[in-house]
Each structure stands twice: as structure tokens, then as C-alpha cells.
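Q: Let me see the structure of the following:
(2 chains)
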2 protein chains.
Amino acid sequence: MATVEELKLRVRELENELIKCKQKQCAVEDAHSQALNRPKIDKMSAEVVDSNPYSRLMALKRMGIVDDYEKIRTFTVAVVGVGGVGSVTAEMLTRCGIGKLLLFDYDKVELANMNRLFFQPHQAGLSKVEAAEHTLRNINPDVLFETHNYNITTMENFTHFMDRISHGGLEEGKPVDLILSCVDNFEARMAINTACNELGQIWMESGVSENAVSGHIQLIIPGETACFACAPPLVVAANIDEKTLKREGVCAASLPTTMGVVAGLLVQNVLKYLLKFGTVSYYLGYNAMQDFFPSMAMKANPQCNDRHCRRQQEEYKKKEAEQPKVEVVQEEEEVVHEDNEWGIELVSEVTDEELKAASGVVPDLPEGITVAYTIPTEDTTGGDTVEETEQSLEDLMAQMRKL
Amino acid sequence: MATVEELKLRVRELENELIKCKQKQCAVEDAHSQALNRPKIDKMSAEVVDSNPYSRLMALKRMGIVDDYEKIRTFTVAVVGVGGVGSVTAEMLTRCGIGKLLLFDYDKVELANMNRLFFQPHQAGLSKVEAAEHTLRNINPDVLFETHNYNITTMENFTHFMDRISHGGLEEGKPVDLILSCVDNFEARMAINTACNELGQIWMESGVSENAVSGHIQLIIPGETACFACAPPLVVAANIDEKTLKREGVCAASLPTTMGVVAGLLVQNVLKYLLKFGTVSYYLGYNAMQDFFPSMAMKANPQCNDRHCRRQQEEYKKKEAEQPKVEVVQEEEEVVHEDNEWGIELVSEVTDEELKAASGVVPDLPEGITVAYTIPTEDTTGGDTVEETEQSLEDLMAQMRKL
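A: As a prediction, this is how the structure comes out:
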């Protein structure tokens, strides 16, 4: 039987142990919760102090690159596919202080994804959108996030996807400003294409080849530039038989370098488009083997199978006809690239003979670019070739002259 | 005075509370430490399972891109400067499964760095090398890390830096395989240049302009290609008065996009160099405003101010002279780029007239490239122009022909 003295001693011991335990618990929790915090910032400031996460971005104004950097906070971007390219794309936009991000993906994080940037081993098993939102919110709590853990290609989800991109803007009810396709398959790209043609929604496409050493980005303006149904999707040459990838136990190769470069080129194009600086690229390829970067632009196909694309083309033609010949009219909500050296009208510079030489629906493409898929054509008369604008000729000529 | 019964009750209460506290503490610590763990992997496997972090990299073999991907584990790379470019560079190499990384930086993480990838707000105040090692080790525990939290340009640290790059390889005592300069100032670049010339150490340089919209990477092979003392360091045109950056309360602009692209191009070049695939770039610029990527190569200057550079040039000449004219002899520890379409000899294709037309020590550069600094010349006779090889002419001609 324990004595009073023994019991008192035990009480004192336990009390001390409990204090220590609680202290340690607090320290661990503190370290953890402190880790997740930086206070929200109401207004972007250009003040050059170590504690200002926006000083280096606001400096773009002083450098004469961007007129109104703060405007970034008014934009909403939807990222479809939060994998090797999409996750880095979302992180870059978050660090740049974008207003709102919508993330769509139905995949889970796996250790097999650790050869690309962004996700970490402890996130394995979590849904990609959930894990991404957690990391991104810690990086920049000023950004609004909306995540959807589903496959956009099923009927029901597609309807919901359409609804969110047309009403999920920063001001609920307004459409998003831009959609970025960072998916890895044709079906999902076509779903985005269908949605954007119907809504007249501008979007950018991105892709990386299965051998991991090439990629591309592409700006699609419904009615103006070729959509995915207008012409086969373009990729930088890879020459891989898709069938070899479908076998059990076989996967595509990927590299953090190629995916990081493609995400960087994509978000750079987004910033140039939204904040109106530099030249927005219509198509930019990246061939890592040769460090070769083909660029081009391609206008919409009047015989496109997508009726919404054809309708957008009619509307674009009407709008073009209404515009005065020389002056560029600034319209609300309209994309006007004032610095566009490529010529925004995308008029073909290809002669009729050259057009005839190009066979079938495959356009005559610059070096390093091939078509990724062949779209079955209902109309098999042939010769309905997509006209092509090859702006890089001037660039090349200018470079040649310098040499 | 407490009774025995009261004391027993108190003991029971405290014991229960302590158990609960310890359980909670364990849960918090578990959540935290689980977050930091994936087991080490002895041997890289190509098995296609979700749990294999190397499956997508090993697939590069099946795709015919890399012959021996596992060799990545035998290489040591030193990254000097762990900022916007260096941190992403280190992360990419870590995710690729590099053998060993040496990290050099003396800076602390600040919230003002949050506009670039990699560091997170909760790391503010930590040294960059310490924070980076912690994150990178969690991402891939198979990589060996060695960090140095100091400025390499002071006398004492420079000596230690020289010692570590010549003895800090995977097998202690052996030199590192490659040094990557990811610093943001001329002094640190010159320190790396001096060390590499003395040691005959191959390195790659990287840089981003103060206006955040251009950058470059460059491969420097002592004695063979121009070093930093041979010719003024090259950057993509920026036209910024350095003095405007030195004032109180003024900082350079930076973007996660440009820095991510430069890091991606740099590590891609590292992988191509170490794993022998594709064409290694000597100089690759990135102009984000126009999505223009100038490339070139420049050979070493026989009148270089650095005597170790001149010595390396003599040794390179001797080695070249000893080689049979047509056959490429594979030598241990020597860089032989078998697929190099540029012509490794870097023979000038510039005519004498063109050389004379170029004035002073500034070489005649392709469009988009200007010199970043002017190096004071002790020898002011002028005309000792660095000869220039412009390989991109062939590429441009080939592209022209295709159009």
C-alpha cells in the first residue's frame, strides 16, 4: 500500500511530465502551424523589404515591362490537369499572385510522379487537386482556390465543368479569363476544345511527348486560330508508336526539366496575354535534343467539324469586317495584341501552289512539328487544307541578315 | 491535507491525461515525420508501379533517348547560388536521382523570394542551403547532400571552395563532375571562373536579366570555349542601367517563369552532357518578350588575362594535335560529344574582314545577345577580338529551305 508521501511524489512527477509533454506538443504544433502561415496581404506593394513577397514582381513596372502588375489579382485561370506541367503552372501563377485558380484533376499523387517538380513523397495517396491546393494556399494565401476532383470527359462532369468555367470567375457568375489545358490525353483535350468553342472561351494548350524530350504550348482563340477539330493537334516530332505505350507494365518517360520548361513557357505566355506585354506566342515548340524552338500560327478551318467553331469563325469575320481598316479599336473584353509582330489577322502567306502541294487535312508544318493524332474526316473530298501562316520566315530572314 | 484516496484519484487523472497528451504528441509528430519519409532505394528499377519514383526516368532507356540512365547515380554536381535558378536546378537534379549535390550559398530565405519557385513562406529566416537540403532530402533520400553556408568570394572561403570542388566527389577525394553557376553577380561568376580555369574543371553558367524577361545558359570548357576572362560575360539584351539597381529601396525584377525556364534548360543541358544524349548547347539565350532563343559558341581567347586559361588552351591544343585527324579517340575523363552537330573544334567561320569589322574586345554577337559587363583590358592595342563560331547559320539555312 502506497504511503501519502509516495503518492505525493508520484503526483509531482506526473505533473512535471505532463507540463513537459504539453510544452513539447505545443512546440511541435507551433512549428507545424507556423509553417503554414503568412498573413494575407490586402494590397500589392512595391516596397523593397525582405518581408514583401510582391516586391520583385512589382519591380516589373519600374523596369518598364508591365504597366499595371496589380491587375494580375483581377484574373481567374482554370488549370485542367494538375500533373507534371499543370502543378508547376498552378504554382507559378500562385507565386505571381493570380486572383483565382480553378483546378481540375481526378488523379491521385503517386511516388511514380516524384520525377517531376511540385508534389512530395508525403502526399502520395492524396488527390492531386487536394494536395496541390494545400501546398499552394501555404505559398500564397492571397489566391482564391476552387478544386474539382473529377474527370471532365464524363457527361455529368462535363456539364459541371462548362458551368464552372462560364460562371466560376473571381466575381461569381462571370466566366474565367483563361483555361489552360495541361492534360495528357486526346479525349480530355477534345472536351476542353468542345467547351471553349461553344463558349467562345480563349484557352492555351500544352503538351509533352512520350519520350520526354519535346513539348509545346499553343494559344487557341475560337473562330480565329485553328481549334483541335480544325486540324490534328500539333506536337514536336517524337516518332513513337502509341501502341507500345498501351501495353501492361509500360509507361511514358518524363523529365522535370522538359515539364518545367513547358510550364514556364506556358505561364510566361499567360502573363504576356493577361498583362499585355511582349509578343504572345500562338504556337511554340521545344525540342530538347537540339534546343530548337519552332514557332508558327495557324488560322481556323472553315470546314471544321465542330459547328461551334464554324459559328465562332462567322462571328469573328463579322467583327473583323466591322472594324475600321487601319485603326485598332480597343474593345472591352476583346483581345488586342498591339505589339503583335506576327500580324493578328493570320492571313495566309502560302501561295496557292504551295497549298495544293499540301495533301489531305495535314497542314504543311515547319521543321520539328508533326501532327500528334489523325482526326477521322467525315468529308473525304480532300484538299480542304488548313491555310497556314508562317511568321517565323521574317525572323529567320532578320537573323540571316545579321550573320 | 489530502487523503490517500484523493491522491490516488489525482494520480489516476494525471496518468490518463499524460497518456492522452503523449498520444496526441505522437500523432502530431507522426503526421510530421511521415510527411518526411520515403525509404531509400538501393537500385534504380524500371518496374512500372505507382510506388517506383524512377519508373518514368528509366523509361528514357526504352524510348531510346538514354543508353544508361542508372549512371546518373555516379555523378556529383556542385550548385553555386541556391536562389531562383539554383534552387529549382537542385530540385530537378534531386528528382532525377543525381548521386551527390554540393550546395553553396550564404543568403537567407526571405518572403521577398516567394515570387520564385521552391522556397516556402515557413522557411523565411533559414539559411538557403539548410532549407534546401531539408526539402530536397525529403523529396529524394537517395541523393547525398553537402552544404556550405558561406560566400565563395572571400579569400578563406574560396580556398575551401577550391578544395571541395576538387575533392568533394561521390568518392571522397575525387573532383565533382560539373559545377553550375546560379549566382546573381559578376564577382561570384569570376571566382568560379578562376577556380575552374586553375583546375581545368568544366562548368555551366546561367543568368537572368534584371528586368526578369531574359536569361541564358552557357557551357564553359577551360582551354576550349571562351571563359569569363576571355570575353565579357554574355547576356540576352536588357538595356538596364546597373546604377538604377544600386539605389536604396530598389530591387531587380524576377519571375518564376523565366527562372523556371532557365533552370530547366540548364539541367536539360546537364543531363545531355552527363548521360550523353542529344546536342549539348554551348550558349543558349531566352528572350521571353519575343520567345526567341539565340544560340552560339565562342572559342577561348589566346590573349585571355587569366594565365590558367592560357595554360588550358595550350594543353587543349597539344591534345588536339595528338589526336588522329579523322577518328575520334575516346579518352578517359575527356569530353567527347559524339553527336555534336556544331563541330566541337570551334573553328571560326568568320572571315578576316568580318573580324576586323568587329571592334575592341566585344565579339560580333548574334541578334538578341549583348555583353553583360565590360572587362578592363590591360592590353589596349585593340583588334585582339575573340574569334566567333556561329553554328546557327546552318540551322537557319535548313529552316529557310523548308519554308
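Q: just the helices in the stretch 101-250 of chain A please.
A: A:128-139, A:155-167, A:186-199, A:242-246 (DSSP state H, counting those that start in this stretch).
Q: Nearest to chain B among the ones you listed would be which one?
A: Closest to chain B of the helices of the stretch 101-250 of chain A is helix A:128-139 (Cβ to the nearest Cβ; 5.9 Å). The C-beta positions use only the backbone N, C-alpha and C, and glycine is treated the same way.
Q: May I see the buried residues of the closest one?
A: A:K128, A:V129, A:E130, A:A131, A:A132, A:E133, A:T135, A:L136, A:N138, A:I139 (16 or more other Cβ atoms under 10 Å in any protein chain shown).
Q: so who does the fifth one touch?
A: Residues in contact with A:A132, defined by Cβ atoms under 8 Å, 6 or more residues apart in numbering or on different chains, are A:V82, A:S87, A:A90, A:L103, A:D105, A:F118, A:F119, A:T147.
Q: Now render the helices of the stretch 101-250 of chain A as TSV, adding distance to A:Q313.
A: TSV is the format used below for those (distance: least, Cβ to Cβ, whole Å):
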stretch	distance to A:Q313
helix A:128-139	34
helix A:155-167	20
helix A:186-199	10
helix A:242-246	31
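Q: and these, which one is worst for confidence?
A: The minimum mean pLDDT among these belongs to helix A:242-246 (a mean of 53).
Q: Could you list every helix and strand that the next helix-or-strand element following it packs against?
A: Next along the chain after helix A:242-246, taking DSSP states H and E as the criterion, comes helix A:256-275. For helix A:256-275, the elements it packs on are helix A:86-95, strand A:178-181, strand A:203-208, strand A:214-220, strand A:283-287, helix B:86-96, helix B:256-275, judged by 3 or more Cβ pairs under 8 Å, 6 or more residues apart in numbering or on different chains; DSSP states H and E.
Q: from the chain's centre, how far out does helix A:256-275 sit?
A: 7 Å (Cα atoms, centre = their mean, to the nearest Å).
Q: now do stretch A:216-235
A: That offset, for stretch A:216-235, works out to 14 Å (Cα atoms, centre = their mean).
Q: now that stretch: mean pLDDT?
A: So the average pLDDT for stretch A:216-235 ends up being 87.
Q: Tell me the spacing between A:I217 and chain B.
A: Distance of A:I217 to chain B, given as Cβ to the nearest Cβ, to the nearest Å: 9 Å.
Q: pretty sure that residue is in contact with A:E205, am I right?
A: Yes. Look at A:I217 against A:E205 with Cβ atoms under 8 Å: they come within range, at 7.0 Å.
Q: Tabulate the contacts of A:A132 (JSON lines), appending distance to chain B, neighbour count and pLDDT.
A: JSON lines is the format used below for these (distance: Cβ to the nearest Cβ, whole Å; neighbours: other Cβ atoms under 10 Å in any protein chain shown; pLDDT from 0 to 100):
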{"residue": "A:V82", "distance to chain B": "16", "neighbour count": "31", "pLDDT": "98"}
{"residue": "A:S87", "distance to chain B": "11", "neighbour count": "29", "pLDDT": "98"}
{"residue": "A:A90", "distance to chain B": "11", "neighbour count": "29", "pLDDT": "98"}
{"residue": "A:L103", "distance to chain B": "17", "neighbour count": "26", "pLDDT": "98"}
{"residue": "A:D105", "distance to chain B": "16", "neighbour count": "27", "pLDDT": "98"}
{"residue": "A:F118", "distance to chain B": "9", "neighbour count": "30", "pLDDT": "97"}
{"residue": "A:F119", "distance to chain B": "9", "neighbour count": "23", "pLDDT": "97"}
{"residue": "A:T147", "distance to chain B": "19", "neighbour count": "20", "pLDDT": "97"}
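Q: Out of the residues you listed, name the ones that lie in strands.
A: Those of the contacts of A:A132 mapping onto strands are A:L103, A:T147, per DSSP state E.
Q: Which one of the contacts of A:A132 is nearest to A:T279?
A: A:A90 (24.4 Å; Cβ to Cβ).
Q: In contact with that closest one, which residues?
A: Contacts of A:A90 (Cβ under 8 Å, 6+ apart): A:V79, A:V82, A:L101, A:L103, A:A132, A:L136.
Q: Return the residues of the stretch 201-350 of chain A in contact with chain B.
A: A:210-213, A:240, A:249-258, A:260-261, A:263-265, A:267-269, A:271-272, A:277-279, A:281, A:284, A:288-293, A:295, A:341 (Cβ under 8 Å from any Cβ of the partner chain).
Q: and A:M298, how many neighbours does it have?
A: Applying other Cβ atoms under 10 Å in any protein chain shown, we find 24 residues neighbouring A:M298.
Q: Quick check: it touching A:C227?
A: No. Counting by Cβ under 8 Å, A:M298 does not reach A:C227; the two are 10.0 Å apart.
Q: Give me the below-cutoff pLDDT ranges for chain A.
A: Applying pLDDT under 70 to chain A picks out residues A:1, A:25-37, A:232-248, A:325-403.
Q: Report the central residue of it.
A: A:L180 (3.5 Å; Cα atoms, centre = their mean).
Q: And it, how far from chain B?
A: A:L180 is 13 Å from chain B, by Cβ to the nearest Cβ.
Q: what residues are up against that residue?
A: A:V77, A:A78, A:V79, A:V80, A:G86, A:T89, A:W203, A:M204, A:S206, A:L266, A:V270.
Q: A:K8 sits in which helix or strand?
A: Using DSSP H and E, A:K8 falls in helix A:4-34.
Q: List the contacts of the next helix or strand after that helix.
A: Under the assignment DSSP H and E, the closest C-terminal helix or strand after helix A:4-34 is helix A:55-62. For helix A:55-62, the external contacting residues (Cβ under 8 Å, 6+ apart) are A:44-49, A:66-70, A:72, A:96-97, B:112, B:115-116, B:211-212, B:250-255.
Q: circling back to that earlier point, which of the residues of the stretch 201-350 of chain A next to chain B are buried?
A: The buried subset of those - by 16+ other Cβ under 10 Å - is A:210-213, A:251-258, A:260-261, A:263-265, A:267-269, A:271-272, A:277-279, A:281, A:284, A:288-293, A:295.
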